[in-house]
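# Here's a sequence, model it:
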Amino acid sequence: MLIGIYGLILEFSNPGSILPGVTGAICLLLALYAFQLLPINYAGLFLILLGVALMVGEAFEPSFGILGIGGIIAFVIGSVILIDTEVPGFGISLPLIGAFALVSAALLVLIVGMAIKSHRRSVVSGAEELVGMQAEVLEDFLGKGRIRVHGELWQARSPVQVTRGEQVRVTGLDGLILDIEPENKQEDS
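Numbering: from 1, shown residues only. Now for the predicted structure:
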């Protein structure tokens with residue numbers, strides 16, 4: 001069943017890859033068929049499904065591990081109580097439950113780690129990146145003129161006279177017009 005669920009997760013995360021979706025669907029159908037032959041505790045089955053749903057939720061809505069940890073706990077408890085019989089040979093192997101729990105925990109740690117790392121990174125694209133960047137003035141102006149930032153030409157606005165070739169710093173953004181000030185003025189402040 002878990003192979004089926006993970007296969008579907010991979011397919012939904014990477015649409016068009018086909019193999020994980022097909023494998024996942026086949027494994028889920030086989031698991032559902034097998035559940036009809038086994039004495040299933042439905043509370044355990046629902047705990048497993050809840051645990052998987054919480055772990056998937058952690059992948060799409062990072063909550064810094066809260067959903068994932070809850071998912072792993074629900075998954076392990078559900079796995080332990082899934083088979084409702086005392087007949088030997090019908091239980092689920094505890095090492096198998098532990099292995100799936102450890103793999104899920106490792107994936108959770110990886111996802112949370114990537115979320116934290118991306119949260120700490122500075123902005124590297126878009127308008128927010130421009131503020132604080134160094135630019136070159138392309139023409140003498142007071143008020144509005146043109147500058148070059150990252151090889152791109154931008155309209156700029158300066159409250160003081162700037163001259164061609166002068167290095168300036170971008171201090172703000174108003175639509176498609178950058179606010180600038182000379183480098184030496186910022187250093188004096």
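# thought residue 25 was touching residue 12?
No - under the criterion of Cβ atoms under 8 Å, residue 25 lies out of contact with residue 12, with a separation of 11.9 Å. Using the backbone N, CA and C atoms, a C-beta is placed for each residue, glycine as well.
# just how off-centre is the longest helix along the chain within its chain?
Ranked by residue count, the top helix of the chain under DSSP state H comes out as helix 94-120. On the basis of Cα atoms, centre = their mean, to the nearest Å, helix 94-120 is displaced by 13 Å from the centre of the chain it belongs to.
# tell me which residues of that helix are tucked away?
Of the residues in helix 94-120, those buried under the neighbour-count criterion (16 or more other Cβ atoms under 10 Å) are 97, 100-101, 104-105, 107-108, 111-112, 115.
# Name the nearest residue to residue 70, sequence neighbours excluded.
For residue 70, the nearest residue in space outside its immediate sequence neighbours is residue 54; the separation is 5.1 Å by Cβ to Cβ, 6 or more residues apart in numbering.
# what's the answer for residue 77, then?
Using Cβ to Cβ, 6+ apart and skipping the chain neighbours, the partner closest in space to residue 77 is residue 47 (5.5 Å).
# who's in contact with the strand or helix carrying that neighbour?
Assessed by DSSP states H and E, residue 47 sits inside helix 42-60. The contact list for helix 42-60, computed with Cβ atoms under 8 Å, 6 or more residues apart in numbering, reads 1-2, 5, 9, 13, 35, 63, 65-68, 70-84, 104, 107-108, 111-112.
# Poorly predicted segments of this protein, please.
Residues of the chain meeting the criterion pLDDT under 70: 37-38, 62, 84-85, 87, 89-91, 123-127, 185-189.
# Now do the helices in the chain.
With DSSP H as the criterion, the chain has helices at 2-13, 19-37, 42-60, 66-81, 94-120, 127-130, 183-188.
# export those helices to JSON lines and tack on distance to residue 174?
Formatted as JSON lines, the helices of the chain follow (distance: least, Cβ to Cβ, whole Å):
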{"stretch": "helix 2-13", "distance to residue 174": "39"}
{"stretch": "helix 19-37", "distance to residue 174": "47"}
{"stretch": "helix 42-60", "distance to residue 174": "35"}
{"stretch": "helix 66-81", "distance to residue 174": "40"}
{"stretch": "helix 94-120", "distance to residue 174": "28"}
{"stretch": "helix 127-130", "distance to residue 174": "10"}
{"stretch": "helix 183-188", "distance to residue 174": "19"}
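# Before I go, just wanted to say thanks for your time.
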